[in-house]
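# 3D model of this:
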Amino acid sequence: MIYFPPPFPDELLYSVLARYHARSGNENTKFTMRDLFGKKTVCAVTDFPGHLNDLHSLIPGNAIPLSVLINGHTLLPYYRPYITPEQYDNVTRDMIFGDGQSIYMKMGLAANKVKQLSYLRYCSACIEEDRSKYGAAYWHRYHQITGFNICSVHNCYLHNSKVSYAQRRNKHEFVMLESVLDSNSHQLEYSENALELLIAQQSEALLKMNYQAINEVAIRKVYYGRLSQMGLLTAKGHVRFQDLLPKFESFFGAIYLKEQRCSIDKNSQHTWLHKMLRKPRHGVHPLRHILLQLYLGIEVKEILEKKYVSAVLPFGEGPWPCLNKGSEHFGGFTIPTVNITRDYESGNSVGTFSCNCGFVYSRRGPDKKNEDLYRIGRIKNFGPTWIEKLIELNDNKDLGLRERARQLGVDAGTVKRQTNLLKLGAKGKAQQDSKPHKVYSFKVHSNKKIVTNIRVRVDWKKRDECLAEEVSRVAIEIKKSGNIRVSRNEIGRRLKCLTMIRTKLDKLPLTKEKLKDVTCKE
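Numbers count the residues shown, from 1 in each chain. Presented below is the predicted three-dimensional model:
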């Protein structure tokens, strides 16, 4: 090969080789293949040409690097962000040293049903500009991307040529754009479809910027983050497909989605959107990513620049701190998981955080600032470690009620209630109060010592004995007052265990019998 034509900007490598064939004077395309690749059996491929190492070695002076041939003149960069680095390496290796025939399989796109082009396309406005700047019209790469029918630069409709995109009778033939232009090639028809123009612009940017691969987990988090902001995620972080599917179809229109083979069956649980937003088992075509990104109002460039919030859960990602002020590991990040439910009144997420020390707390979400990480809405279980600290502080007669409450991170009323329950025999684990507990603000220390899990069951027999004695004592006090009738409700109120008397008497036989003895007969 004595001469090789310099590639034009965004020119398809197929187009460069077609220009070489036209200027070579070869009457037979197989002679051109021998000049370009050193053998006559190579096929003329539009999107992912192979045998590039052979071509590179025959270009005079190896003037064009292999990376330029691949990234500047094939369609591979359009797919690169959505395939793994391993897949990209396999594909480039096949294009350089192989024939490129199994590339769709290697990218995991063989099962995709996205519409493929039937013919190479061109823009009439680009023809005039290219002839003025470079002396000839040529096949542009971004005109051969599926999903749109307009030129992203001039906003005019693309024309189909008579050159097949893939299936050709002469599989060794390279055809120049200039050789197929007719009198209608210069007619401009402008588009008024703003959405299709956005798809074309996003596709062109994806092709020309040659972005690095986007981690599959990372991009799904970005999608879920935006879906959460749009109210399309449940409290547990699941997609509300029953809301998403009709809105998505309405955004693009059922006709367009059908044309691109991206239709949505709103009654199905297995649409391509389902498969894409769940953990995909195969590759996803870039067009489908572009469509979802346009609906969500995000761009791939800004995803790579990490400009979007990617937190899926309303409470962020764990671990979370234990806020038990009665434990040595207070403030340590010892809680690996959160149980998320939905508040039926407000619809907001409710997170329940359980530590191995037995301390369980909850709060409504979502968290809006870093300080929310250390906020308690309600203490649901104090746990044995907190109870032991309560007992220790109660034994210290120098500490007042408010100081004990401050050290335990609750209000004075909670200290009173839990102390009274301890007197009833639940020293291992106090009965959880049904009322929300006020929690003081505090600073978090970096002590991350983890306490092993301790499970202490209520000794109902001992509690029954203690409570029966208390029932007798309180009944005597009521009788002495003279003005109040001795009743179960009055005894329960004075002992602050009315709920227990109403619901747990089957576990308290002595107390039940004592109540029968001391209460007035109705």
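# contacts and neighbour counts: CA atoms only from here.
Noted.
# low-confidence ranges in the stretch 301-450 of the chain?
Judged by pLDDT under 70, the stretch 301-450 of the chain has its weakly predicted residues at 306-313, 425-450.
# That one: helices as residue ranges?
Along the stretch 301-450 of the chain, counting by DSSP state H, counting those that start in this stretch, helices occupy 383-395, 401-408, 412-423.
# Let's have the ones you listed in JSON lines, adding distance to Arg281.
Output for the helices of the stretch 301-450 of the chain, formatted as JSON lines (distance: least, C-alpha to C-alpha, whole Å):
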{"stretch": "helix 383-395", "distance to Arg281": "43"}
{"stretch": "helix 401-408", "distance to Arg281": "50"}
{"stretch": "helix 412-423", "distance to Arg281": "52"}
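# Could I get the contacting residues of the closest residue in space to Pro366 that isn't next to it in sequence?
Closest residue to Pro366 apart from its sequence neighbours, by C-alpha to C-alpha, 6 or more residues apart in numbering: Pro314 at 4.3 Å. Pro314 makes contact with Ala235, Ser349, Gly365, Pro366, Asp367, according to C-alpha atoms under 8 Å, 6 or more residues apart in numbering.
# and the longest helix along the chain with helix 412-423, angle?
When the chain is parsed with DSSP state H, its longest helix is helix 460-481. Between helix 460-481 and helix 412-423, the angle comes out at 110 degrees (axes from the mean of the first three to the mean of the last three C-alpha atoms, to 10 degrees).
# Check this protein and tell me which residue is nearest its centre.
Lys221 (2.2 Å; C-alpha atoms, centre = their mean).
# element containing that residue?
According to DSSP states H and E, Lys221 maps onto helix 216-229.
# now that helix, how far from the centre of its chain.
3 Å (C-alpha atoms, centre = their mean, to the nearest Å).
# number of nearby residues for Trp386?
21 (other C-alpha atoms under 10 Å).
# which one is it nearest to, not counting chain neighbours?
Leaving aside its sequence neighbours, Trp386 sits nearest to Gly326 (C-alpha to C-alpha, 6+ apart; 4.6 Å).
# Any idea how many residues pack against that neighbour?
Counted by other C-alpha under 10 Å, the residues lying close to Gly326 total 22.
# can you check Ala63 too?
Residues near Ala63, counting by other C-alpha under 10 Å: 12.
# List the buried residues for stretch 264-280?
Buried residues in stretch 264-280, counted by 16 or more other C-alpha atoms under 10 Å: Ile264, Thr271, Trp272, Leu273, His274, Met276, Leu277.
# Phi first, then psi, for the fourth one.
If I follow you right, that is Leu273. Torsion angles at Leu273 (phi, psi; degrees, to the nearest 10) stand at phi -70, psi -40.
# if I look at it, how far off is Leu292?
9 Å (C-alpha to C-alpha, to the nearest Å).
# now the first one
From Ile264 across to Leu292, the span is 13 Å (C-alpha to C-alpha).
# for the fifth one, same thing?
Counting by C-alpha to C-alpha, the gap between His274 and Leu292 amounts to 12 Å.
# So which bits of the longest helix of the chain are buried?
Across helix 460-481, burial judged by 16+ other C-alpha under 10 Å covers Arg463, Asp464, Glu465, Cys466, Leu467, Ala468, Glu470, Val471, Ser472, Val474, Ala475, Ile478.
# Surely the fourth one touches Leu424?
Yes: taking C-alpha atoms under 8 Å as the contact criterion, Cys466 and Leu424 are neighbours in contact, 5.7 Å apart.
# What's the first helix or strand after the longest helix of the chain?
Proceeding N to C from helix 460-481, the next assigned helix or strand is helix 488-495, under DSSP H and E.
# got the contact list for that next one?
Contacts to helix 488-495, defined as C-alpha under 8 Å, 6+ apart, come from residues Glu470, Val471, Val474, Ala475, Leu498, Thr499, Ile501, Leu515, Thr519.
# and which of those is nearest to Glu11?
The shortest approach to Glu11 among these belongs to Thr499, at 80.4 Å (C-alpha to C-alpha).
# how about the CA coordinates for stretch 229-248, as PDB?
C-alpha atoms of stretch 229-248 as PDB (Å, rounded to 0.1, in the frame of the first residue of the first chain):
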ATOM      1  CA  GLN A 229     -36.700  11.700  44.400                       C
ATOM      2  CA  MET A 230     -39.600  11.300  41.900                       C
ATOM      3  CA  GLY A 231     -41.600   9.200  44.400                       C
ATOM      4  CA  LEU A 232     -41.200   6.000  42.300                       C
ATOM      5  CA  LEU A 233     -39.600   3.900  45.100                       C
ATOM      6  CA  THR A 234     -41.300   2.200  48.000                       C
ATOM      7  CA  ALA A 235     -40.200   2.600  51.500                       C
ATOM      8  CA  LYS A 236     -38.000  -0.500  51.200                       C
ATOM      9  CA  GLY A 237     -36.400   0.800  48.000                       C
ATOM     10  CA  HIS A 238     -38.400  -1.200  45.400                       C
ATOM     11  CA  VAL A 239     -39.400   0.400  42.100                       C
ATOM     12  CA  ARG A 240     -43.100   1.300  41.800                       C
ATOM     13  CA  PHE A 241     -43.400  -0.200  38.300                       C
ATOM     14  CA  GLN A 242     -47.200   0.200  38.300                       C
ATOM     15  CA  ASP A 243     -46.600   3.900  38.400                       C
ATOM     16  CA  LEU A 244     -43.300   4.000  36.400                       C
ATOM     17  CA  LEU A 245     -44.400   2.100  33.300                       C
ATOM     18  CA  PRO A 246     -47.400   4.200  32.200                       C
ATOM     19  CA  LYS A 247     -45.500   7.400  32.900                       C
ATOM     20  CA  PHE A 248     -42.500   6.200  30.900                       C
END
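# What residues sit buried inside it?
232-239, 241, 244-246, 248.
# List the contacts of Ala200.
Neighbours of Ala200 in contact, by C-alpha under 8 Å, 6+ apart: Gly147, Phe148, Ile150, Cys151, Ser152.
# So the second one is in contact with Leu195, correct?
No: taking contact to mean C-alpha under 8 Å, the distance of 9.7 Å between Phe148 and Leu195 leaves them out of contact.
# Same drill for these two, tell me which one is more crowded.
Neighbour count, other C-alpha under 10 Å: between Phe148 and Leu195, Phe148 has more, with 22 against 13.
# Correct me if wrong, but that one is in a strand.
No: applying DSSP: H, G, I helix; E, B strand; the rest coil, one finds Phe148 to be coil, outside a strand.
# Could you tell me which of the contacts of Ala200 count as buried?
When those are checked against 16+ other C-alpha under 10 Å, the ones flagged as buried are Gly147, Phe148, Ile150, Cys151, Ser152.
# Can you verify my assumption that the last one contacts Glu204?
Think Ser152. Yes: using C-alpha under 8 Å, Ser152 makes contact with Glu204 at a distance of 7.3 Å.
# Who are the contact partners of Asn149?
Asn149 makes contacts with Tyr157, Leu158, Glu196, as judged by C-alpha under 8 Å, 6+ apart.
# one more time with 7 Å
Residues near Asn149 by C-alpha atoms under 7 Å, 6 or more residues apart in numbering: Tyr157, Leu158.
# what pLDDT does it get?
Per-residue pLDDT puts Asn149 at 94.
# now the buried residues of stretch 264-280 in a markdown table, with secondary structure, pLDDT and distance to Pro65?
What follows is the buried residues of stretch 264-280, written out as a markdown table (DSSP: H, G, I helix; E, B strand; the rest coil; pLDDT from 0 to 100; distance: C-alpha to C-alpha, whole Å):
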| residue | secondary structure | pLDDT | distance to Pro65 |
| --- | --- | --- | --- |
| Ile264 | coil | 91 | 43 |
| Thr271 | coil | 92 | 42 |
| Trp272 | helix | 92 | 38 |
| Leu273 | helix | 93 | 39 |
| His274 | helix | 92 | 41 |
| Met276 | helix | 90 | 36 |
| Leu277 | helix | 91 | 38 |
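# Lys325 contacts Val410, doesn't it?
No: Lys325 is beyond contact range of Val410, at 9.1 Å (criterion: C-alpha atoms under 7 Å).
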